[in-house]
Every structure is written in structure tokens, then in C-alpha cells.
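# would you be able to build a 3D model of this:
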Amino acid sequence: MTTGGPETSGGRPGRGLDAAVWALVIAALIGLAAAFAWYLSNATFSFPEVTFEDDSVDLEVLIPVAPAPDSPLDDLPPSGEAATTGDPDAGGVALPTWVRQPAPLYPDLALRRGVESGDVALVCVALASGRLGNCQVLRESPPGAGFAEAAVASTRQARIEPRRIDGVRTDSRVAFTIRFRLEP
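Modelled structure (predicted):
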């Protein structure tokens, strides 16, 4: 009488599968994996083209933000009536204004190179939350002195009163220039 299950080909008790069967199973798995890899390497994947139409927006306008007095920001119209068209609570549009302007640090690279001034023109999204996002450098002068990086970094701390349409805060794009000057 034998205990422990059916015998293997070697006469030892086991589960009845010998090495040849295991080799065939492993070879089949390797073959399946190779066939799947070949299929994936020769397959062409494409996503369907998605088109989006939004008839509610005709045009996106870059809106300059009015700077506060004695600001490092230049090239913008003065605040006041030029920045507001109509009464925002009565169905008008109020353009963005600064709550806290960017206050960049003068770049160390520019100091080491002896660069005494620089300008960076930026365009950012003025979010309805009051933060600036998705800032892009339009122009840096002189290039490569670290002014662009310092200007973009300073926008993280800046706050803006966003554009209001019919009293509702909305995202908008703002363009402005930050001027760097070393004080003697």
C-alpha cells in the first residue's frame, strides 16, 4: 500500500507530474509570452480624434493688470476707470488688479556676472482663486542671467483680484513686465 499520493516516474511519491510535463508547461508559457510581445511590438495604437467646439467663447483676450504705485511692474495702464468697464455687480466686467504684486529676488547669477538690470515679460493665467498659474516667459533681457526663473518663482506668492463678469470671478490671461534694477 502506497501513501502520499500517486507515484512520479522516479518511483517517489508526488502529485503525478514529472519533469517532462513541467518543461512543456513552461515552454508553452514562454511561447505565449513571446507571441504577445511580438503582437504588441507590431500593433498600431491610435486614439480617436476628439474635436471640441465651444460656441460660448469667441475670443480670449490678454488683459493687462494695473500695477500698484512704486512697483517693479511697468508697461501697464493705470488702475481705476481704465481697469473697470461698468459696474461688476450690475452686469459689467471688472478687470484684474493686483492684491500682492510679485516681489522677485535679484538673481545670484546676475550678481556674479555684474548685470545691473534686467526685464522679464510674462503672461500668466489669473485664476478665479486669486493665484497666478501657467506663467510663461515671453521675453528675458539679458537672456541667461536668471531673471526669468526669479520672475516666475515670484509669481507663486503674488495674488490678484481676478476678472469679474456679472460679479462672478473668472479666469483670465494677464501680461506684465517685471523690471530688475540694482540700487547703488
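# tell me where this protein has helices.
The residue ranges that make up the helices of the chain, judged by DSSP state H, are 19-42, 108-113, 147-154.
# what's the closest of the ones you listed to Ile178?
Judged by Cβ to Cβ, the one of the helices of the chain that comes nearest to Ile178 is helix 147-154, at 4.6 Å. Heads up, the C-betas are built off the backbone N, CA and C, glycines and all.
# buried residues, that closest one. List them.
For helix 147-154, a neighbour-count test (16 or more other Cβ atoms under 10 Å) marks 147-148, 150-152, 154 as buried.
# just give me the neighbour total for Val168.
The local packing of Val168 (other Cβ atoms under 10 Å) involves 10 other residues.
# tell me the spacing between it and Val99.
For Val168, the distance to Val99 equals 18 Å [Cβ to Cβ, to the nearest Å].
# what about Arg163, distance to Ala148?
When Cβ to Cβ is the yardstick, Arg163 and Ala148 sit 25 Å from each other.
# err, Asn42, not the other one
Using Cβ to Cβ, Asn42 is found at 45 Å from Ala148.
# same check, this time on Ala35
Distance from Ala35 to Ala148, by Cβ to Cβ: 52 Å.
# also Leu32?
To Ala148, Leu32 is 53 Å away according to Cβ to Cβ.
# tell me the strands in this structure, going along the chain?
According to DSSP state E, the chain carries its strands in the segments 73-74, 84-85, 93-94, 97-100, 117-126, 132-141, 159-161, 163-165, 168-170, 172-181.
# mind putting those strands into TSV with distance to Leu111?
Supplementary listing: the strands of the chain in TSV, determined by distance: least, Cβ to Cβ, whole Å:
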stretch	distance to Leu111
strand 73-74	21
strand 84-85	40
strand 93-94	40
strand 97-100	25
strand 117-126	11
strand 132-141	16
strand 159-161	28
strand 163-165	37
strand 168-170	39
strand 172-181	11
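# ok, now which ones touch Arg100?
Applying Cβ atoms under 8 Å, 6 or more residues apart in numbering to Arg100 gives the contacts 157-159.
# ditto for Ala148
Contacts for Ala148 (Cβ under 8 Å, 6+ apart) come out as 120, 137, 140.
# repeat that for Val99.
If a contact means Cβ under 8 Å, 6+ apart, then Val99 has 130, 159-161 as its contacts.
# please report the distance of Leu105 from Ile178.
With the distance defined as Cβ to Cβ, Leu105 ends up 11 Å from Ile178.
# what about those two, which has more around it?
When neighbours are counted by other Cβ under 10 Å, Leu105 and Ile178 differ, and Ile178 comes out ahead with 26 against 10.
# thank you, goodbye.
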